[in-house]
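K.L.:
mind looking at a prediction? Sequence and model below.
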Amino acid sequence: MQRKIAIGVSVSLIVIAVILLWLARTPEETVTATPVAATTAAPQGLPSPQEVASAIEKSKTDTRFKTGRESMPKSLMDTEVDGALEVDKNGNLIISQSIRQTFDYFLSAIGEEDLTTIVARIRAYIRHKLANYPQAAQQAEQILDGYLSYRDSLGRLPQIQGDPAKNMAAIRQQKEQIASLRTQFLSREVIQAFFGDEDAYDRYTMARIEVMQDKNLSAAEKAKRTAELLNTLPPQLKESVQTLNKYQELTTFTEDWKARGGKPEELRAIREQVVGVEATERLEALDKERAEWDTRINSYLQTRDGILKNPALSDAQRQQQLNDIKNKQFNEQERVRVGAFETMHDQGVKP
């Protein structure tokens with residue numbers, strides 16, 4: 001089973017804020033947002049720079065592996081290596097994000113194996129895959145060394161204090177620090193290939209948060225601006241992010257619209273901006289169905305209350321009358337829903 005990570009889903013603003021600690025499985029996986037205190041101390045368990053440098057050097061002469069896939073750690077057993085190492089017609093390594101995916105695949109076993117072993121695996125894998133292209137293999141190993149040093153330094157950046165979403169200035173400053181850090185270890189071409197999509201998503205996410213937090217904008221205006229922001233993403237990212245955001249945005253904007261007592265035409269404009277005209281028409285049809293259902297179920301529950309409180313009826317008579325009404329007013333599928341609404345009604349829970 002191949003372990004693919006969809007960048008549009010796995011990368012988030014919180015990944016930036018928590019600084020992709022070395023022991024995270026990969027820098028692109030989603031990390032749950034928790035308030036953290038700003039600190040310059042290295043996180044517990046983070047290898048020292050000397051240990052990282054030692055692991056890099058020792059791995060260069062480590063001969064334990066031929067292909068890098070011998071005796072794989074448990075988490076990687078029966079999986080395919082993510083990414084690829086490709087070569088152009090001149091024997092040079094083709095710089096792409098798939099190189100980083102290959103590195104991250106092996107690095108995801110941090111905690112199961114020591115760093116020297118993992119890096120030795122990666123080198124063996126590179127040399128095996130590029131056995132006929134020594135120049136490309138050398139280039140890949142040079143990028144690996146830089147990437148390992150970058151990850152180590154990244155884990156040592158001070159963390160953002162409090163809720164990152166409420167401190168966008170600090171987030172932007174941190175992004176600048178990360179960008180500067182990358183240039184110390186990686187070429188511009190590698191940086192763009194490894195992090196171009198991630199950076200585009202981060203910029204989009206930060207801009208989107210600022211729009212959503214702008215109290216001077218109406219729900220319709222927010223919907224329009226977030227739709228425009230989505231169009232700034234590269235096509236492959238836009239497709240990944242679009243579905244993920246639609247439900248969240250539609251829920252947020254609709255709640256805002258309800259709270260302000262907005263007009264129906266404003267809700268339609270919001271929906272058209274977020275999900276398009278056809279989906280808006282389907283939602284409006286669904287609204288109509290829900291309204292009709294609410295009228296029917298509320299009428300039934302009121303009638304039911306009257307029957308249950310009627311002292312002239314026995315329990316059997318009450319149940320018989322209710323069954324007759326339900327069979328007359330609701331079909332078989334609807335009667336299942338009616339039972340759930342009866343339970344909520346009796347418990348004082350609004351549906």
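P.N.:
Looks like it arrived, so ask away.

K.L.:
Ser54 contacts Thr116, doesn't it?
P.N.:
Yes: the pair Ser54 / Thr116 is scored as a contact, 7.5 Å apart, by C-beta atoms under 8 Å. (Each C-beta comes from the backbone N, C-alpha and C, glycine too.)

K.L.:
how far away from the center of its chain is the helix or strand hosting Ala291?
P.N.:
Using DSSP states H and E, Ala291 sits in helix 277-308. On the basis of C-alpha atoms, centre = their mean, to the nearest Å, helix 277-308 sits 34 Å off its chain's mean C-alpha point.

K.L.:
the residue most distant from the middle of this structure, which is it?
P.N.:
Ala312 (59.6 Å; C-alpha atoms, centre = their mean).

K.L.:
that one: what secondary structure?
P.N.:
coil (DSSP: H, G, I helix; E, B strand; the rest coil).

K.L.:
ok, it to Gly306 distance?
P.N.:
12 Å (C-beta to C-beta, to the nearest Å).

K.L.:
with Leu115 instead?
P.N.:
73 Å.

K.L.:
who has more neighbours out of the two?
P.N.:
Leu115 (20 against 10; other C-beta atoms under 10 Å).

K.L.:
quick one: contacts for the more buried one?
P.N.:
Pro47, Glu51, Val52, Ala55 (C-beta atoms under 8 Å, 6 or more residues apart in numbering).

K.L.:
just name the closest of those residues to Glu289, please.
P.N.:
For these, the closest approach to Glu289 (C-beta to C-beta) belongs to Pro47, at 58.9 Å.

K.L.:
any idea how far Ala219 is from the nearest residue to the closest one once chain neighbours are set aside?
P.N.:
Using C-beta to C-beta, 6 or more residues apart in numbering and skipping residues adjacent in sequence, the residue nearest Pro47 is Leu115, 6.1 Å away. Distance of Leu115 to Ala219, given as C-beta to C-beta: 49 Å.

K.L.:
can you check Thr303 too?
P.N.:
37 Å.

K.L.:
which of the two has more neighbours?
P.N.:
Neighbour totals were compared for Thr303 and Ala219, and Ala219 leads with 23 against 14 (other C-beta under 10 Å).

K.L.:
surely that one and Asp256 touch.
P.N.:
Yes: using C-beta under 8 Å, Ala219 is in contact with Asp256, at 4.3 Å.

K.L.:
buried set for stretch 159-174?
P.N.:
Gln159, Ile160, Pro164, Ala165, Ala170, Ile171, Gln174 (16 or more other C-beta atoms under 10 Å).

K.L.:
contacts only, for the nearest residue to Leu283 once chain neighbours are set aside.
P.N.:
For Leu283, ignoring the flanking residues on the chain, the nearest one in space by C-beta to C-beta, 6+ apart is Arg271 at 5.7 Å. Taking C-beta under 8 Å, 6+ apart, we find Arg271 in contact with Leu250, Ala279, Thr280, Leu283, Glu284.

K.L.:
repeat that with 10 Å
P.N.:
Counting by C-beta atoms under 10 Å, 6 or more residues apart in numbering, Arg271 makes contact with 220, 223, 250, 253-254, 257, 277, 279-284.

K.L.:
that one sits in which helix or strand?
P.N.:
Going by DSSP H and E, Arg271 is part of helix 264-275.

K.L.:
just checking, what packs against the helix or strand where Asp152 lies?
P.N.:
Using DSSP H and E, Asp152 maps to helix 134-154. The helices and strands touching helix 134-154, judged by 3 or more C-beta pairs under 10 Å, 6 or more residues apart in numbering; DSSP states H and E, are helix 49-60, helix 97-107, helix 115-129, helix 168-185, helix 188-213.

K.L.:
now the shortest one: average pLDDT?
P.N.:
Confidence over helix 97-107, taken as the mean pLDDT, stands at 96.

K.L.:
got the CA coordinates for that helix in PDB?
P.N.:
What follows is helix 97-107, C-alpha atoms only, in PDB (Å, rounded to 0.1, in the frame of the first residue of the first chain):
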ATOM      1  CA  GLN A  97       9.100  17.500  -4.900                       C
ATOM      2  CA  SER A  98       9.200  13.700  -5.300                       C
ATOM      3  CA  ILE A  99      12.800  13.700  -4.000                       C
ATOM      4  CA  ARG A 100      11.600  15.200  -0.700                       C
ATOM      5  CA  GLN A 101       8.800  12.700  -0.600                       C
ATOM      6  CA  THR A 102      11.400   9.900  -0.900                       C
ATOM      7  CA  PHE A 103      13.500  11.400   2.000                       C
ATOM      8  CA  ASP A 104      10.400  11.900   4.200                       C
ATOM      9  CA  TYR A 105       9.300   8.300   3.600                       C
ATOM     10  CA  PHE A 106      12.400   7.000   5.300                       C
ATOM     11  CA  LEU A 107      12.500   9.800   7.900                       C
END
